[in-house]
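> structure of the sequence below:
(one chain, ligands or ions: 1)
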Amino acid sequence: MADDIIAVKPAIAAKARIDAARREAMVAAEAKDAEAFWRGEMTRIAWMKEPTKIKSVDFHGDISIRWFEDGILNASVSCLDRHLATRGDQVAIIWEGDDPNSDAKVTYRELHARVCKLANAMRRLGVKKGDRVCIYLPMIVEAAVAMLACARVGAIHSIVFGGFSPDSLASRIQDSECTLLITADEGRRGGRKVPLKANADEALLTCPSVRHVIVAKNTGGAVEMMKGRDHWWDTITAGEGETCEPEKMNAEDPLFILYTSGSTGKPKGVLHTTGGYLVWASFTHENVFDYRDGEVYWCTADVGWVTGHTYIVYGPLANGATTLMFEGVPSWPDNGRFWQVCAKHKVNIFYTAPTAIRALMRDGEGPVKKHDRSSLRILGSVGEPINPEAWLWYYRVVGEERCPIVDTWWQTETGGILISPLPGAVALKPGSATLPLPGVKPALVDNEGNILEGATEGNLVMLDAWPGMMRTIYGDHARFGQTYFSTFKGMYFTGDGARRDEDGYYWITGRVDDVINVAGHRMGTAEVESALVAHPAVAEAAVVGMPHELKGQGIYCYVTLKTGVEPTEVLRKELVAWVRKEIGPIATPDAIQWAPGLPKTRSGKIMRRILRKIAANETEGLGDTSTLADPGVVQELIDNKVG
Ligand code: 6R9
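Below is the predicted model:
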């Protein structure tokens, strides 16, 4: 079943922007002369001064990646101003509230005016080019307005997902020393309220760099406003003009920072710059989704993740699309919500995560079939490997075997999609992200960094740069080189493993580092461990991923308590709540096992390989345990496995 091939339907290929022949021509043109290819593609966005230098990349030494480096532009102009003459009255954003009775439509002209007003207010508060602005907002139109207003004045936005705790928010603000925070009174999700302003107030106790806070009124819930620091959005923008001079940005000036979990320590501030990122966002959004003028496009991600940055805001708006922004969740008020929204707004392109598909699949076909999905044309998947069973359900039940599925592999670091079918050009295989996009040069290497040929399995690397890739880790370029370019010299290491089949198709097998993917959200096991050991009862903790039917991976924690502390059910619950409070609900442990000892090498390294196998109930092939300092602990852990 998983090796089924679903050929491109001739009717789809005939109408698609890119068919198989065109794809081949693009791949060949890029391979022959990459600079000429990207010089052609760069005109998809608006430049104040067109670049003459296209690509300057060095994956060795200090690692330097520059695209379009002498070009001048402002990202907000590509996303707003240049559409005004041709599509000013077209809807830019359809907003669908958590409450099914609330929605709104914002045209390009209105969006432009709202962005300019906020940008003017930000300038008046003293925000300048290069300043960092933290955005901690729910999925409301203001989130897109805030991003584009930052771009307008040349400020670097750093969005923190609304589900993160005050501590997580504070550490991200501190790392990049944001001077302005944009938040809302409260968010809404699945009928519940999220106390954003209260969380922000708590975070700001330890964030002296923040001088001003702009607060959007969303639910109208009561919040405290600190005089001189906090300003209501509506009040501060009320007197501002609806035009605003865009800051002139170099193509390599930063556009945003987005924190993401790695295998060690604190989240890293992934930095993206302006020109290359926007070209990549536009190029991939248009081609992967085969976007056509006038279509309604819906990506269900949150703007707090990279998918929301590139495929709710920058890509679609750069392409003059109508992008749908959804405040709610798939299961509320009922589990037909996604399909009800598709019917209501006549969605043509729908892009979601495998974890949502798996959850909805459990409820059968009824809730899907209740709603008209005849507008749907393309379906997308992102965030984690999609198992063939979920893929086929998505294809057959949701898309009625009419809509190609684009399984898009990419990362926060890559800025946009790298491996994905082009729906009019590439035959599908359920569970495979298929082939690299033109300009993307993946390879599989063994653990020594030797490039493997043909059908094989290995570590997924990229041999050369594409315009949208990250440029550095904010404030720590050495860590950038160390994290991504030192494992395999001269290659960008993704942290993922993959298999490549006889047809050259890629099948992503998941992370090969200590990052786990919980419901499509990246979580560093080290972060959960450090939250656990911060609890007074905990002496040591080791955290691994475990297979989870809905979430893909769950969080399995081995905890060693301090001497004299009793392992009780009350303490177990307390630790679960503790981690939620320290990091946020997405880090909620799924299992906690009391571990009197952990398997360690004689040099003191925890053998995670063994812990992963125990958590997955794969205790048959534990491999060589002879290097352990105390081999006895392994049997003890197996005997007391949780769940
Ligand atoms: C866009 C995004 C990146 C990690 C990545 C990989 C996993 C994402 C995938 C996929 C298999 C896909 N991943 N898309 N695995 N198939 N289509 O999710 O960014 O949050 O940084 O996560 O997600 O493991 O390395 P990010």
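
> C-alpha from now on. contacts and neighbour counts both.
Fine.

> which SSE is Gly167 in?
Not quite, residue 167 is Asp, not Gly. helix 166-176 (DSSP states H and E).

> where does Ser78 fall, helix, sheet strand or coil?
Put simply, Ser78 is helix when judged by DSSP: H, G, I helix; E, B strand; the rest coil.

> what is Trp67 paired to in the beta sheet?
Each beta-bridge partner of Trp67 is listed here: Lys55, as defined by DSSP bridges.

> okay, now Lys551: neighbour count?
Residues near Lys551, counting by other CA atoms under 10 Å, number 20.

> ok, for it, nearest residue in space, not its chain neighbours?
For Lys551, ignoring the flanking residues on the chain, the nearest one in space by CA to CA, 6 or more residues apart in numbering is Ala519 at 4.1 Å.

> Leu561 now?
Distances taken as CA to CA, 6+ apart put Val538 closest to Leu561, at 4.5 Å, once the chain neighbours are dropped.

> tell me, how many residues neighbour that neighbour?
Using other CA under 10 Å, Val538 is surrounded by 17 other residues.

> how about Glu295?
Neighbour count for Glu295, taken as other CA under 10 Å: 16.

> okay, it: pLDDT?
The model reports Glu295 with a pLDDT of 98.

> can you check Asp624 too?
For Asp624, the pLDDT comes out at 76.

> how about the residue of the stretch 201-350 of the chain found nearest the ligand, what does it touch?
Distances between the stretch 201-350 of the chain and the ligand by CA to the nearest ligand atom are smallest at Thr307, namely 5.4 Å. Residues near Thr307 by CA atoms under 8 Å, 6 or more residues apart in numbering: Ala301, Thr412, Gly416.

> and the strand or helix carrying it, how far out from the chain middle?
Element membership for Thr307 (DSSP H and E) is helix 306-308. For helix 306-308, the distance from its own C-alpha centre to the chain's C-alpha centre is 4 Å (CA atoms, centre = their mean, to the nearest Å).

> so for that helix, mean pLDDT?
Averaging pLDDT along helix 306-308 yields 98.

> ok, and does the next helix or strand after it reach over to the ligand?
Once helix 306-308 ends, the next helix or strand along the chain (criterion: DSSP H and E) is helix 315-318. No. Using CA under 6 Å from any ligand atom, we find that helix 315-318 stays clear of the ligand, coming within 13.7 Å at best.

> averaged pLDDT, helix 315-318. What do you get?
For helix 315-318, mean pLDDT is 98.

> what helices or strands is that helix leaning on?
For helix 315-318, the elements it packs on are helix 275-288, strand 322-326, judged by 3 or more CA pairs under 8 Å, 6 or more residues apart in numbering; DSSP states H and E.

> dump the ones you listed to CSV, plus distance to Thr483 and mean neighbour count.
Output for those, formatted as CSV (distance: least, CA to CA, whole Å; neighbours: other CA atoms under 10 Å):
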stretch, distance to Thr483, mean neighbour count
helix 275-288, 21, 25
strand 322-326, 33, 26
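
> adding mean pLDDT and distance to the ligand, write the ones you listed out as CSV.
CSV is the format used below for the helices and strands packed on helix 315-318 (pLDDT from 0 to 100; distance: least, CA to the nearest ligand atom, whole Å):
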stretch, mean pLDDT, distance to the ligand
helix 275-288, 98, 12
strand 322-326, 98, 17
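
> many thanks, we can stop here.
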